[in-house]
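**Student:** Next one to model:
(chains A and B)
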There are 2 protein chains.
Amino acid sequence: MIIDSHGHYTTAPTAHNEWREKQLDAFLTGRAAPTYPVISDDEIRETIEQNQLRLLTERGADMTIFSPRASAMAHHEGDLAVGIAWARACNDLIARVVDLFPDTFIGVCQLPQFAGEPLDAAVAELERCVGMGFVGLNLNPDPSGGHWSSPPLTDRYWYSMYEKMVELDVPAMVHVSASCTPVFHATGAHYINADTTAFMQLIQGDLFGDFPALRLVIPHGGGAVPYHWGRYRGLADMLKKPPLATHVMQNVFFDTCVYHQPGIDLLFEVIDVDNILFGSEMVGAVRGIDPTTGHYFDDTKRYVDALDLSDADRTKVYSGNARRVYPRLDASLRAKGL
Amino acid sequence: MIIDSHGHYTTAPTAHNEWREKQLDAFLTGRAAPTYPVISDDEIRETIEQNQLRLLTERGADMTIFSPRASAMAHHEGDLAVGIAWARACNDLIARVVDLFPDTFIGVCQLPQFAGEPLDAAVAELERCVGMGFVGLNLNPDPSGGHWSSPPLTDRYWYSMYEKMVELDVPAMVHVSASCTPVFHATGAHYINADTTAFMQLIQGDLFGDFPALRLVIPHGGGAVPYHWGRYRGLADMLKKPPLATHVMQNVFFDTCVYHQPGIDLLFEVIDVDNILFGSEMVGAVRGIDPTTGHYFDDTKRYVDALDLSDADRTKVYSGNARRVYPRLDASLRAKGL
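**Tutor:** Numbering: from 1, shown residues only, chains lettered A, B, ... in the order given. The predicted model follows:
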């Protein structure tokens, strides 16, 4: 079984995206938000069948851990109430996808975060979504959209979320959203920087001393971290922290959203196979075909297939690690006899 | 000949660093800055001989392109006048190092940048330093120290500097300084993020269309870029830009400040050897010994030596590319018959 651990609903029905625009317009002009539109099952089926499901089948994977479009979370827009309504709308749509394709998708939720606001609404939305069968969450370390006004992930500001995650036994993918500053291209700088930043915050702190059962997935192959693995090992040493293997790598996982073979090779050379989850983030940031290979950049399964992995290790990367990191996914699969 | 393209005077005499503290204290309390202290040649010799020169000799390199301590530039401290005095003091100290060790060091200058202020003072300081024999500059894309309040490097805000660089035929290393926000660890996040951010800005724009002769060095192995080379090639394609080889890689160079063998292997696998300059940034961010090798993390010459490079390519990386990117260095060496 091959589980893509990193998929977003980037092809959501137009009416859903239009509602968001109207919602923000209403906020800006002081009016009440419009009613959420009626979207038929057929519309949802079509957006999935022509995109994620088609590509999943073509590429030979079986299912996707699926969350709302990351760049559209845009936690910096509106206010907390706007974010709560938007997160509910996005998560409810994911729940409908999962209901329509229960063998192929399982949900991860977007949270109503707002920079400077407490996390109560986010904790409540996580509980609601787990009640609907979701197995994880996307946690934005910078809900300001590039201004980085929130404290580091090791700060007690985030602890109520971590407590709920441990209680519900769900991991978070650390994933920023759109950038609202021209210096940071969203998918070319902000995403990768956030991955790198989060990992370094975890080195500096001792979050997993406080939450030994907490699990965080750092996407996009861990940002710059594996490429600079010597730097991070050296910095941990200079900061008088334990080796990374025990300090953070019992609790931190990277996905395979690295869009060329040499990058994937490096990832598997320096990071323990137990810490790597297969992921592609398709249909996502990079949608074209690599002229040097003739295949989609984000067809990461090809790169993983090209590795010289044992069967046991391949199984870990393709499904075992995901089932371990997302126990509610594992339970769901077991209930189906998988 | 082996030229380390990335060295900072991280071991400057104590009196120099103490003056900076007094200067900032005077600024904050509204007093005039103190007189810069007398520092003897012997003091300078000692700080160099026991550190950079010793390690350079031990590791088998010949010379270093040398600039003031990057993290101490701290452009966000004080105001522009404070920054002008600090840059002059730092650059004058580099000039003294070069005078004392003319065969081993050549200068690159720190600029008096201040977020929101024009670049006239920076341009003037560059001219002054080139007049003293300096061969390049460090350009901080974020003089706010982590708040990223300046426009992208492709913005016309920076053009007066680029015009002067082209006129003087000197390249810039794009190098941030200290971070004044707790979210970004300076050497573990801010440095690497800035490298990645700068490269993506260059993809988005067409800076080298306006300045075909401009040369920028992106340090620390290009941040996250080589690891995510497929992402950047794919994003350039999505943004309808020319291939990276012609769009940016005629003008952009990466150094080898990547502190483990797999990272260096990847760098040389994906980046053309013409675009790679040997560098170590010693004595710098990561000063310890890698327990897996028994050697210093930042002894990057060992990693380069371990590559299967032709003699011609090795010469490019160790000296040829640096002489090409820094023509004033080349002229200085030629004048010595080297």
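**Student:** which helices and strands does the longest helix along chain A pack with?
**Tutor:** With secondary structure taken from DSSP state H, chain A has its longest helix at helix A:80-100. On a contact count with 3 or more Cβ pairs under 8 Å, 6 or more residues apart in numbering or on different chains; DSSP states H and E, helix A:80-100 meets strand A:3-9, helix A:14-28, helix A:41-49, strand A:63-68, strand A:105-110, helix A:120-131. Just so you know, the C-beta spots here come from the backbone N, C-alpha and C atoms, and that holds for glycine as well.
**Student:** Quick one: closest of the ones you listed to chain B.
**Tutor:** strand A:3-9 (13.7 Å; Cβ to the nearest Cβ).
**Student:** okay, the angle between the closest one and helix A:80-100?
**Tutor:** 130 degrees (axes from the mean of the first three to the mean of the last three Cα atoms, to 10 degrees).
**Student:** before we move on, back to that, for the longest helix of chain A, the distance to its chain's centre please.
**Tutor:** 15 Å (Cα atoms, centre = their mean, to the nearest Å).
**Student:** go on, stretch A:301-309?
**Tutor:** Mean C-alpha position of stretch A:301-309 versus that of the full chain (Cα atoms, centre = their mean) differs by 22 Å.
**Student:** cool, and stretch A:94-113?
**Tutor:** Here stretch A:94-113 is found 13 Å from its chain centre; the criterion is Cα atoms, centre = their mean.
**Student:** Report the separation between the residue nearest to A:Met282 when sequence neighbours are not counted and A:Leu338.
**Tutor:** Among residues not flanking A:Met282 along the chain, A:Asp298 sits closest, at 4.5 Å (Cβ to Cβ, 6 or more residues apart in numbering or on different chains). Using Cβ to Cβ, to the nearest Å, one obtains 25 Å as the distance from A:Asp298 to A:Leu338.
**Student:** Tell me where chain A is predicted with low confidence.
**Tutor:** In the predicted model of chain A, no residue satisfies pLDDT under 70.
**Student:** If we use 90, what do you get?
**Tutor:** Along chain A, segments meeting pLDDT under 90 span A:285.
**Student:** which stretches of it form strands?
**Tutor:** Using DSSP state E, the strands of chain A run over residues A:3-9, A:63-68, A:105-110, A:136-139, A:172-174, A:216-218, A:252-255, A:276-277, A:289-290, A:295-296.
**Student:** Is the residue minimising distance to the centre of chain A bridged to anything, and to what?
**Tutor:** What sits nearest the mean C-alpha location of chain A, by Cα atoms, centre = their mean, is A:Met173, with 4.1 Å. Beta-bridge pairing for A:Met173 (DSSP bridges): A:Asn138, A:Val217.
**Student:** Now do the contacts for it.
**Tutor:** Shown in contact with A:Met173 (Cβ atoms under 8 Å, 6 or more residues apart in numbering or on different chains): A:His6, A:Ser67, A:Val108, A:Gly136, A:Leu137, A:Asn138, A:Leu139, A:Leu216, A:Val217, A:Ile218, A:Pro219.
**Student:** Quick check: the third one touching A:Phe66?
**Tutor:** In other words, A:Val108. Yes: judged on Cβ atoms under 8 Å, A:Val108 makes contact with A:Phe66 at a distance of 6.6 Å.
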